[in-house]
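**Q** Build me a model from this:
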Amino acid sequence: MNRLGVVACACALSLVTPACTQSNGASNAQDPVNGMAGTSPTGGAGGSGGAGGIIAAGTGGTSGLGGAGGASGAAGASAGSAGTAGAGGGEAGAAGVAGAPPIDGGNAGDAATPEDSELAVTADFLNGTLSIIDVGLLHEGGTRADALVGTVDLGMYAPGPMSLAVTPDGKTALVSISAGFLGAFITVPPGDGILLFVDIESRMVTGELEIGGSPMGIVVTPDSKRAFVGLYSENYFAVVDLEAKTFDTIATGSGYNEELALDDTATVGILTYGPAGNAKTFAVADPEGMLGQTLGLTGDAAGAAFFPGTKRAYLMQAPTILTGNVGGYDVIDVANPEAPVVLDSDRVGTHPTTYPVIANAARGSIAYPSTQDNMLSIVEKRLNGDVAEEVKRVVVGQAESLAYGLSATHDGRVLVAVPGEHYIGVVDLEAGTAFSVPWEQTMTGPTEIKVVP
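**A** All right, here's what the predicted structure looks like:
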């Protein structure tokens, strides 16, 4: 193994956030929590209710003698009280209505995130940002802005963030600055080869690792101490010490090292590599000493994922216009990583465009995006003995381009990033329904989405 050092940094990045207002409640007086009630002279109409404060709505105005009660306070996070009627006067003003959640002023205007929210991070590629979102606020008819918690500006890192993984402790996003194989299909700015460490809470880059050419797929061990990274333009994959910010290289003998997966016990792993359909398999504890590979597989090995609770990996074979490779899949038994066994294979001449695949722990399945005739679907499969069987297919929407990013939520929904059409698809496999959320970006992206554990 070759151990390489780190180029470290600890630079705070500017935060691009959605517009938000933090003004105090206002009427005749202001209060940082509650808007104050208005008043009126004798016989006049009641004063207007106070404007909503940061935490609660203003109270209703108090009426003057013979006057109507004041209007209700403007909306805050919780309802205000009703106005009171004056002597001999009209009706009391209505109570303030509940409004939007409070705004957290701690991060330059970022929206506060309730403790039980499920966050996700998108790599917005040529747009030069990471978007941190509240998954629960993605809804049909909504936009990226509705769910946006904060944005990390990575515009100084060309060509942009392509792929990412979040450490199981939920603290760090590991980000591949790279064109990967996308440079073969679209024009991208020069420059890549960096793995970034981004602290999710502070929105800061805490380290840079010059890991090699075109880093792509990333997986992390459950203890958040090591990561495995595929290097598309190198003849190795990297094993990264996340605390020391150093890495070792594991030779593969070929370029095109793209995507990785670990089984859910983090005992064995699989790497897609090479110009054909084969994969490297390895022991997580000793990836160099216990390294094997499949032989004779055809296609273009793309994404890989282990069926939950097993050491059997679903290996996606993407159809590739550059080589004429036919698409399909293989099921690989990796119980002995030095001697993987192919259990099930399929190749289809008219196979749709596919690439990534994920394990969906909540549903005991794997899922992948499938694009055909300019329509995107999510396909779910489970193991039946040694055979992968389709159990669900849900149409997401129009897509002419490759859907690259994929993630599963804690309740088993699937999130898919579609960079050419600039949207995130949200798929409820249980209900068989889906909707898309425009990502409000003009450049290619988002290319990746990952749920924060």
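**Q** List the pairing partners of the strand or helix carrying residue 328 within its sheet, with orientation.
**A** Here residue 328, judged by DSSP states H and E, is contained in strand 327-333. Applying DSSP bridges to the sheet, strand 327-333 is found paired with strand 312-317 (antiparallel), strand 341-348 (antiparallel).
**Q** right, so the ones you listed: which one is the most enclosed?
**A** Of those, the one with the most neighbours on average (mean count of other CB atoms under 10 Å) is strand 312-317, at a mean of 26. No exception for glycine: its C-beta is placed from N, CA and C like everyone else's.
**Q** Quick check: mean pLDDT of that one?
**A** Taken as a whole, strand 312-317 has a mean pLDDT of 97.
**Q** Distance from that strand to the middle of the chain?
**A** Here the centre of strand 312-317 is set off from its chain's centre by 22 Å, with CA atoms, centre = their mean, to the nearest Å.
**Q** And the strands in the stretch 151-300 of the chain?
**A** 161-166, 172-177, 194-199, 204-210, 215-220, 226-231, 236-241, 246-251, 260-262, 268-272, 279-283, 286-293 (DSSP state E, counting those that start in this stretch).
**Q** Residues in a beta bridge with the closest residue to residue 378 other than its chain neighbours, which ones?
**A** Spatially, and ignoring its direct neighbours in sequence, residue 378 is nearest to residue 427 (4.6 Å; CB to CB, 6 or more residues apart in numbering). Note on residue 427: beta-bridge partners by DSSP bridges are residue 414, residue 434.
**Q** Surely residue 427 is in contact with residue 436?
**A** No: with contacts defined as CB atoms under 8 Å, residue 427 does not count as touching residue 436, sitting 9.7 Å away.
**Q** any common contacting residues for those two?
**A** Residues touching both residue 427 and residue 436 by CB atoms under 8 Å, 6 or more residues apart in numbering: residue 396.
**Q** In this structure residue 274 contacts residue 237, no?
**A** No: here residue 274 does not reach residue 237: they are 12.0 Å apart, not a contact under CB under 8 Å.
**Q** joint contacts of these two?
**A** Common neighbours of residue 274 and residue 237 (CB under 8 Å, 6+ apart) are residue 252.
**Q** Can you pick out the residue with more neighbours from those two?
**A** residue 237 (29 against 21; other CB atoms under 10 Å).
**Q** residues touching that one, list them.
**A** If you count contacts by CB under 8 Å, 6+ apart, then residue 237 has 228, 229, 230, 231, 249, 250, 252, 257, 260, 271, 273, 280 around it.
**Q** and the fifth one, how many residues sit next to it?
**A** It stands for residue 249. Neighbour tally, residue 249, other CB under 10 Å: 19.
**Q** Point out where the stretch 151-300 of the chain drops to low pLDDT.
**A** 192 (pLDDT under 70).
**Q** Touching the strand holding residue 328 from outside, list them.
**A** Residues outside strand 327-333 that contact it (CB under 8 Å, 6+ apart) are 270, 277, 279, 281, 294, 297, 299-300, 311-319, 340-348, 351-354, 383, 386-388.
**Q** Report the strands that pair with the single longest strand found in the chain, each with its relative direction.
**A** The single longest strand within the chain, with elements called by DSSP state E, is strand 387-398. When pairing is defined by DSSP bridges, strand 387-398 lines up against strand 375-384 (antiparallel).
**Q** now what about the partner strand, what contacts it?
**A** 307, 310, 312, 314, 331, 360, 363-371, 388-399, 403, 414, 416, 418, 425, 427, 429, 434.
**Q** List the buried residues for that strand?
**A** Going by neighbour count (16 or more other CB atoms under 10 Å), the buried part of strand 375-384 is 376, 377, 378, 379, 380, 381, 382, 383.
**Q** before we move on, the earlier item: could you pull up the mean pLDDT of the longest strand of the chain?
**A** 97.
**Q** how about the CA coordinates for it, as CSV?
**A** What follows is strand 387-398 as a C-alpha-only set of coordinates in CSV (Å, rounded to 0.1, in the frame of the first residue of the first chain):
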residue,chain,number,x,y,z
VAL,A,387,-32.3,-14.5,-8.2
ALA,A,388,-33.1,-10.7,-8.2
GLU,A,389,-36.8,-10.2,-8.9
GLU,A,390,-38.5,-6.9,-9.7
VAL,A,391,-41.2,-6.1,-7.1
LYS,A,392,-42.1,-2.5,-7.9
ARG,A,393,-41.7,0.1,-10.7
VAL,A,394,-42.8,3.7,-10.2
VAL,A,395,-42.8,6.3,-12.9
VAL,A,396,-41.1,9.6,-11.7
GLY,A,397,-41.3,11.9,-14.7
GLN,A,398,-39.6,13.1,-17.8
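**Q** Now do it: everything it contacts.
**A** 314, 329, 331, 343-344, 365-366, 369-370, 374-383, 416, 421, 423, 425, 427-429, 432-436.
**Q** May I have the beta-bridge partners of the residue lying closest to residue 263 once chain neighbours are set aside?
**A** Of all residues not flanking residue 263 in the chain, residue 306 sits nearest, at 4.3 Å (CB to CB, 6+ apart). Note on residue 306: beta-bridge partners residue 313, judged by DSSP bridges.
**Q** Now do the domain split for this protein, please.
**A** Domains of the chain are assigned by automatic domain parsing as 2-7+114-451, 23-102.
**Q** just how off-centre is the longest one within its chain?
**A** Put plainly, it is domain 2-7+114-451. 11 Å.
**Q** Residue 427 and residue 436: which has the busier surroundings?
**A** residue 427 (28 against 21).
**Q** just to revisit the earlier point, what about the residue nearest to residue 378, distance to residue 393?
**A** Distance, residue 427 to residue 393, using CB to CB, to the nearest Å: 10 Å.
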